[in-house]
Each structure stands twice: as structure tokens, then as C-alpha cells.
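Novice: I'd like to go over a predicted model; first the sequence, then the structure.
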Amino acid sequence: MAETKQTKQAVQAPQAAQAPVAATPAVPLAPSAAAPALTRQGMSTGAKVAIGVGVGCCVIILGIIGLLVVFFGWAIFTGDFSGTTKTPTPTRVLYTPTPSVIPTKSLTGFVPYSNCKYRYSLQYPNGWADKPFASDAQSILISNDGVAMGLYAFDNSKGLTLDEFIAAREKIIKGTRGDIRAVTFLNTPAKGAEYSIEGGSSMVVYFWLEGNSGMQLVGSRVSTATDDAYNKLLNTIASLRANVDCAQ
């Protein structure tokens, strides 16, 4: 499914040359009396107050520094400098439909379509296609409100296996792929995977083989897609059936 880079050299200025300083003759120091020992009894009340205030200020400053270290450490770790806890916004992703959501009858407002050449059928929302698709169309494309789905048939006359076909197609797909897994709702051996694309979009891709063709379905959405369009896209994907015969 781009989406998706950042040496410093320290330069030290040379020190200015210092002018020679004339030697100053040593002046003998007069002997001094030994300083009296400072005892608690000899400290004045003012000195005691000053020391207490100084110690108190140091404790307060150290406390503030500790709080700042904790705050900025957490901010750097989480990337949040607002001081508030953010609730992550859930991301809607495309998924492999389970049997419980696979449509078993016609969907209201959807158009049934069968491709007799590539042997698949599905239902898509009315108005999502420019015109009706031919029953032997090599590709179809539908889109609306930030979502789109394309279904394509590729020549596989070389007889590639499903895994070989997937590897060949993935050389073209741009995006970060999740785990590839088996897709069971298509009524034929198939595999699918989700891809994350730069810019907040995502897509799901299904692969299967049909005769001398390799089939690929791509469902995609952008971050601004509406919920209604997204749900209709999921219904379209869930309605897909492969290995289906129809009257020409």
C-alpha cells in the first residue's frame, strides 16, 4: 500500500595573547592571632535565622527542580508537553469480513454485478460507478466520499502460484504491509493483507487465481472518509464471491 533524514563541528576562538605582568615584590605578612573557634553558643540569633532561611530556600529550589525533571522527562517520553493526558483516536481499518457480516441477499441501494469471464460477482452502491460494467471487464472501479475499490485481472499464462503472484504484485504496491493471511469468504483459495500509506490512508488487498489470470482487489480509504461510505465499501467487499459461473 512512500508513505515514508535528519554534524556539528565545534570551533574554539583562539585566546588573545596576554601582556607580560611585572613581578610584584613579596610583602611579608604580619603574624595574626588564631581565629576563635565558632560554636553554636557563639552564633548570634541573626546568623541562625540566616542559615535557616538559606537551607529552606535550597530545599524549595531542589523541590522545584525535581518537579521540572519529572514533567519534562514524561513529556519527552510521551511527546505531550501540554500537561494533560490525551486519549488516542481510534483508527478505522479495513478488515477481512467474517461469515456473520457476509450479505446473503441483495443489499438495498446496491447494484448486483457478475463478471462471467473472470468468474466473480459482487454488489456495489448505486451511483458509485460512472456507467454499468461489462460482463467481461478486465477491471472495475468504484469510489465515493473518500473510499474506493478496484478489482483487476492480470495475465497469469506463466502459471504462477498464488504466493508467486502476490510477490510479483507487491513489487508495485507502495506501503507498509501488515500480516498476510488467508481469506476464506471468497469461496476460493485467497490471501489478503492491509497496507498503511503515507498521509493517513490505508488499503486492503486480496489476491486469488482464476484460470490463466491473477485477480487483485484493492479497497482504500483516506482519513477524511465518511462513516457511511466506509461501511458501504465494507459491504461491497463482503459481497464479493469468486469461482462463480454465470450465463453469458
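Specialist: Looks like it came in fine.
Novice: Help me confirm that Ala193 is found in a strand?
Specialist: Yes: the assignment for Ala193 (DSSP: H, G, I helix; E, B strand; the rest coil) places it in a strand.
Novice: Give me the distance between Tyr230 and Arg221.
Specialist: Going from Tyr230 to Arg221 by CB to CB, to the nearest Å gives 6 Å. All C-beta atoms are positioned from the backbone trio N, CA, C, and that covers glycine.
Novice: Ok, Asp155 next?
Specialist: Distance, Asp155 to Arg221, by CB to CB: 29 Å.
Novice: If you count surrounding residues, which of these two has more?
Specialist: For Asp155 versus Arg221, neighbours defined as other CB atoms under 10 Å are more numerous around Arg221 (25 against 10).
Novice: show me the contacts for that one.
Specialist: By CB atoms under 8 Å, 6 or more residues apart in numbering, the residues touching Arg221 are Arg92, Leu94, Gly146, Val147, Ala148, Ser201, Ser202, Met203, Ala229, Tyr230, Leu233.
Novice: and it, bridged to which residues?
Specialist: Val147, Ser202 (DSSP bridges).
Novice: Start the count at 191 instead of 1 going forward.
Specialist: OK, 191 is where the count begins now, so the last one is Arg411.
Novice: so how far is Val394 from it?
Specialist: According to CB to CB, Arg411 stands 9 Å off from Val394.
Novice: and what of Ile356?
Specialist: 14 Å.
Novice: quick one, which of those two is more surrounded?
Specialist: Val394 (24 against 20).
Novice: Show me what the helix or strand hosting that one is packed up against.
Specialist: Using DSSP states H and E, Val394 maps to strand 391-400. Judged by 3 or more CB pairs under 8 Å, 6 or more residues apart in numbering; DSSP states H and E, the packing partners of strand 391-400 are helix 352-360, strand 380-387, strand 403-411.
Novice: Great, nothing more from me.
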